[in-house]
Every structure is written in structure tokens, then in C-alpha cells.
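[1] could you work out the structure for the sequence below:
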Amino acid sequence: MAVVIFCMSSFNGTKSSQQSWSLVKPVVRYLASKCSVETTTKVVNSDNAINREAETEITTKSSINIFRFEKNSKGRIILSKEQWRAITQGINKFARKSAHVFMYFLLTLFLIAGFSNINSKLSNYYILFSLLCNLVYAVTDEVHQIFTDRTSTVSDVFIDLFGGLVSVAVYILVKKSLIKKEMRKIQNEQ
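    Next up, the predicted model:
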């Protein structure tokens, strides 16, 4: 997993963007089928007349902006180019950050699994050590990105650490569930 993360972070910014956009394209295509992007501020064609009754208001929690979307006579949402750009860039950013969480989730989960096979009596320590490895690798990954003409941000380190924390939470929940199952099995046998 560490090799995969290292290889992905060694791509330059252009290659990295191309990869994330290839994942985002199906979502953008679906949205494009439901929307019409305005090319001018005035709608001249009567076919594209705005249906005032079909107004929809959407508030995004990540920003203070409130977009007011209107539907044309064909039921397609009308967006300005700026709104369309903001939406597609937001989807791309969400996909990129989700990839960070997922990759570091797997990295930490594999580290926990590997360390747990060494000595199961030290479970709290190998969980903490796995999180420490996650954090160190996230920091070195961001430093590595500086040398590949990519943006290096502290927020990405926290996102990576969040992926590790989710991994620990899932591991603990699964472990407790398995222990409860074993306890019930033992009680039923007695």
C-alpha cells in the first residue's frame, strides 16, 4: 500500500489531475445531462424560457454561497459557467480528498493487521504505532510532493490521519464484535 501511495504521489500535478478527472467524468456527465450551462446572461430563445415555478435553491454546507438554480421549459437546470465550474471543481476536490482517506485507511488497516500478528498482547501499542506510521508517512508524502511540482498542504496530512483514525475505529468495532460473538458461543456451549 505504501508503494502505491508513493507512486501516486510522484506523479506531477498534470498527471494527477488527469487521473482524478478520469474518475470524476461519469458524475460530471450525469450532471451535464441534467443541466444547461448558460453561454450568455440573457436567454433569447423562447424554448429556453425560464420556468419561475420550477426554481430550486441549493445551499452547500462547505461554503456560504447559496446558488439559485432555475429550470428551463425542458426541465433542465440552468447554470452559469461559474456555477458549473464551481460544481465540477468541488466534485473533483471531493474525489481527491476521498482517495486520500481511502488510501490511508487501507495503509493503517494493513499496518494494524501486520503488527497484530507479531504480538497480540500489545494491541493498544500496535494501534498507536500504526497511527504514528500513518502520520509519518503522510508528512513524508507531502514533502515528497514538493519535489514533483505538486501542491503540498498540511490539510492533506490531517485528511490522511483521518483515514487512519477511521481505520482504527473500524478495526476496534470489528474486534469487539468478534469478541462478543465468541463470548456468546462459549456461553451457549455451557
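
[2] now the strands for this structure?
    Taking DSSP state E as the test, the strands found in the chain are 35-37, 50-59, 66-72, 77-79.

[3] low pLDDT regions in this structure?
    Across the chain, residues meeting the criterion (pLDDT under 70) sit at 1-17, 38-75, 120.

[4] try it again at 50.
    40-66 (pLDDT under 50).

[5] center of it - which residue?
    Ser98 (1.5 Å; CA atoms, centre = their mean).

[6] contacting residues around the closest residue in space to Ile127 that isn't next to it in sequence?
    Of all residues beyond its chain neighbours, the one nearest Ile127 is Val168 (5.7 Å), with distances taken as CB to CB, 6 or more residues apart in numbering. In short, each C-beta sits where N, CA and C put it, glycine included. By CB atoms under 8 Å, 6 or more residues apart in numbering, the residues touching Val168 are 108, 112, 127, 130-131.

[7] in a markdown table, list those along with distance to Tyr137 and neighbour count.
    Shown next, in a markdown table, are those (distance: CB to CB, whole Å; neighbours: other CB atoms under 10 Å):
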| residue | distance to Tyr137 | neighbour count |
| --- | --- | --- |
| Thr108 | 9 | 28 |
| Ile112 | 14 | 25 |
| Ile127 | 16 | 21 |
| Ser130 | 11 | 24 |
| Leu131 | 11 | 18 |
